[in-house]
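# after the sequence you'll find the predicted model.
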Amino acid sequence: MSRPAAVGCLLLTTVIWGFAFVAQKSAAEEMGALTFVSARYLLAGVCILPFALAEYRGRASEIAPRDWKLVLLITIIFFTGTWLQQVGLKTTSATNAGFLTGLYVFFVPLILLIGFREKPHPAVWVCAPLALVGLYFLNGGIDRLRIGDALIIACAVCWAGHILLLGYLARVTALPVFVAAFCFTGAGVLATPGALVFETPHFSAIVHGWFPIVYSSVLSTAVAFSLQALGQQHLPSANAAIILSAESLFAALGGALFLGERLTAIGYAGAGLIFAAIFLVEAVPAFAARAVRGA
């Protein structure tokens, strides 16, 4: 896959995720967080299973034991991040949640630098703060902090770990769809006991929330996370995080179309900054490499 195609996969992922924000808010009113996570990911696992198994059967080599441990780790991180996000959506404003979730844009290069001594391209250190400021403007600032905000920040740390591990595993295993499918199916399995014990889910609530569950399962999970894994095979994790921050743009569009919300002038400025960050983080390294080759 070419690099532009990989960027296209990630941008399509952000479109699907952005509209999923409306579905998740609706589901939060119908059922508990663990109930929604369980239903969403188990259904997604059923949808993607044939494709994941076909990819696994055609593998060029076995997954190393060390990489299996990382697959289990990313599954736990993924489950934790999703659960924290869903709980946080109940106890904080959409404005705060939209901005604070986007903190993974900054956490990814920071973890790379501190944890792995890996220096991202210098353009990342300009584009990540640029995207973060864009997110701040897009979400209209930030309200007073609540307990839910702490949960969303913790969720952003989990997403940063997920982006880093998924990028690595997609490359070393060459099984992006299988890894993504294992990840969210495992998250559904982890959520089920907690949903049965702590939330006593009602069938009527699941029936009433069928559309958010189906959208989140089929498109936001089975399709979007597979596209994310495919795209991250061919892009550095720090670059991928900045591109994925465009999710907030499409969340705002979904709010405008389905919830009657409208962006302010500063919100449009924030959208422009995010687009600028996405363009620059891909264009600057490409132009620099071309200049070196031409020298």
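Yes, it's here. Here the structure is a predicted model, which is why all the values come from computation and not from measurement.
# what's the burial count for residue 243?
29 (other CB atoms under 10 Å). Using the backbone N, CA and C atoms, a C-beta is placed for each residue, glycine as well.
# that one sits in which helix or strand?
With elements taken from DSSP states H and E, the one containing residue 243 is helix 237-244.
# C-alpha coordinates for that helix, PDB please?
This file holds the C-alpha atoms of helix 237-244, laid out as PDB (Å, rounded to 0.1, in the frame of the first residue of the first chain):
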ATOM      1  CA  SER A 237       2.700   6.300  14.900                       C
ATOM      2  CA  ALA A 238       3.200  10.000  15.700                       C
ATOM      3  CA  ASN A 239       2.000  11.000  12.200                       C
ATOM      4  CA  ALA A 240      -1.000   8.600  12.500                       C
ATOM      5  CA  ALA A 241      -2.000  10.200  15.800                       C
ATOM      6  CA  ILE A 242      -2.200  13.700  14.200                       C
ATOM      7  CA  ILE A 243      -4.200  12.400  11.200                       C
ATOM      8  CA  LEU A 244      -6.600  10.600  13.500                       C
END
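# what's in contact with that helix?
Contact partners of helix 237-244, identified using CB atoms under 8 Å, 6 or more residues apart in numbering, comprise 7, 10-11, 13-14, 17, 104-105, 107-109, 112, 120-121, 124, 127-128, 131, 160, 163-164, 167-168, 228, 231-232, 235, 277-278, 281-282.
# the helix or strand just after it packs against which elements?
For helix 237-244, the following helix or strand on the C-terminal side (DSSP H and E) is helix 247-258. Here helix 247-258 touches helix 3-30, helix 94-101, helix 122-138, helix 265-294, going by 3 or more CB pairs under 8 Å, 6 or more residues apart in numbering; DSSP states H and E.
# tell me the mean pLDDT over the shortest one?
In this model, helix 94-101 carries a mean pLDDT of 71.
# and if you look at the first one?
Per-residue pLDDT values over helix 3-30 give a mean of 82.
# residue contacts, residue 170?
Residue 170 touches 176, 179, 229-230, 232-233, counting by CB under 8 Å, 6+ apart.
# so what's it closest to, chain neighbours aside?
Nearest non-adjacent residue to residue 170, counting by CB to CB, 6 or more residues apart in numbering: residue 176, 4.1 Å away.
# pLDDT value on that neighbour, please?
For residue 176, pLDDT reads 93.
# wait, what's in contact with it?
55, 170, 226, 229-230, 232-233.
# now swap in residue 62 and tell me
By CB under 8 Å, 6+ apart, residue 62 has no neighbours at all.
# before we move on, what about residue 105?
Applying CB under 8 Å, 6+ apart, the residues near residue 105 are 128, 131-132, 135, 241-242, 245.
# quick one on the thing from earlier: need the contacts of residue 170 in JSON lines (columns: secondary structure).
Shown next, in JSON lines, are the contacts of residue 170 (DSSP: H, G, I helix; E, B strand; the rest coil):
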{"residue": "176", "secondary structure": "helix"}
{"residue": "179", "secondary structure": "helix"}
{"residue": "229", "secondary structure": "helix"}
{"residue": "230", "secondary structure": "helix"}
{"residue": "232", "secondary structure": "helix"}
{"residue": "233", "secondary structure": "coil"}
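# so which of those wins on neighbours?
Neighbour max across these (other CB under 10 Å) = residue 232, 30 neighbours.
# can you tell me the closest non-neighbouring residue to it?
Nearest one to residue 232, counting by CB to CB, 6+ apart, is residue 167 at 4.1 Å.
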